[in-house]
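Q: Model the following, please.
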Amino acid sequence: MFGIKKKQEKKTKITADDSLRHIAFIMDGNGRWAKGKGMPREFGHKKGAETMKNIVKYCGSININCVTVYAFSTENWKRPENEVNAIMELLGQYIDYLYTVMEKDNIQVHFLGDKSRFTPELRARLERAESDSSKYSKILNVALNYGGRDEIVHAVNKLIEQGKENITEADIEANLYTSHCPPPDLIVRTAGEIRTSNFLLWQGAYSELYFTDVLWPDFSESDVDKAVEAFYRRTRRFGAVV
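A: Here you go, the predicted model:
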């Protein structure tokens, strides 16, 4: 007569532990996503910015308290002027957005990279957002005009200015843009490319790498879950025998 429906089991929400303190994202595929929809690349960057907001918030909700996103590399200045201008406009809008959530979501923001390339007005806004959010504890790193090699050169030059002669790994780490946070435990790249593209070269020496074909604008909470689940299936040895 009447069918008995089985109660659907609700999936247990993933919660990260201390082995996954820091996750970093190479947000790739905005342009291809837009092209696939017959839209200009700028449209893809706008959708990608919305995805970034959602993913950062979700990571905080599952106890990952340090997130880094690769937003604009030192090489991205080579892109068409209208695309670069659109990204800079989105960056300004994102700073405004941060002020609406930094207190509520407990976000301490850091902009990684050489800020000298930006306009004085934008640079001042970036530095002000860093200062105004410094009292909060969940770390969000946004890599802007950033390159891993450039970061290491920058750190070495700072050490030379300090008069250092015998430089240690600890010295370099203390002068990286990421000196305020642990190295990434997991680096995720979207859009099917299998490389890290000059991102966190020093910090990512022992990071687990996860690659997905999903284009960044389509990247969702469930995709974060898949990456985290893959991380927990791995055994990290850091060069030792376990």
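Q: Could you verify that residue 142 is part of a strand?
A: Yes: counting by DSSP: H, G, I helix; E, B strand; the rest coil, one finds residue 142 located in a strand.
Q: What's the local residue count around it?
A: Residue 142 has 24 neighbours, counted by other C-beta atoms under 10 Å. (Glycine included, C-beta is placed from N, CA and C.)
Q: And for residue 209?
A: Count around residue 209 with other C-beta under 10 Å applied: 17.
Q: So it belongs to a helix, correct?
A: No: looking at residue 209 with three-state DSSP, it is strand, so not inside a helix.
Q: The nearest residue to it once chain neighbours are set aside: what secondary structure?
A: Excluding the flanking residues, the one nearest residue 209 by C-beta to C-beta, 6 or more residues apart in numbering is residue 187, at 5.4 Å. Following three-state DSSP, we place residue 187 in the strand state.
Q: what bridges to residue 187?
A: Using DSSP bridges, the bridge partners assigned to residue 187 are residue 24, residue 209.
Q: Now do the same for the residue nearest to the spatial centre of the chain: its pLDDT.
A: By C-alpha atoms, centre = their mean, the mean C-alpha position of the chain lies nearest to residue 69, the distance being 1.5 Å. Predicted confidence (pLDDT) at residue 69: the value is 98.
Q: just the CA coordinates of the host helix or strand of it, formatted as CSV?
A: Assessed by DSSP states H and E, residue 69 sits inside strand 66-73. Output of strand 66-73 as CSV, limited to C-alpha atoms (Å, rounded to 0.1, in the frame of the first residue of the first chain):
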residue,chain,number,x,y,z
CYS,A,66,43.9,30.8,8.3
VAL,A,67,43.0,31.2,4.6
THR,A,68,45.2,32.5,1.8
VAL,A,69,43.9,33.4,-1.7
TYR,A,70,46.0,34.1,-4.8
ALA,A,71,44.2,37.1,-6.2
PHE,A,72,46.7,38.9,-8.4
SER,A,73,50.2,37.9,-9.3
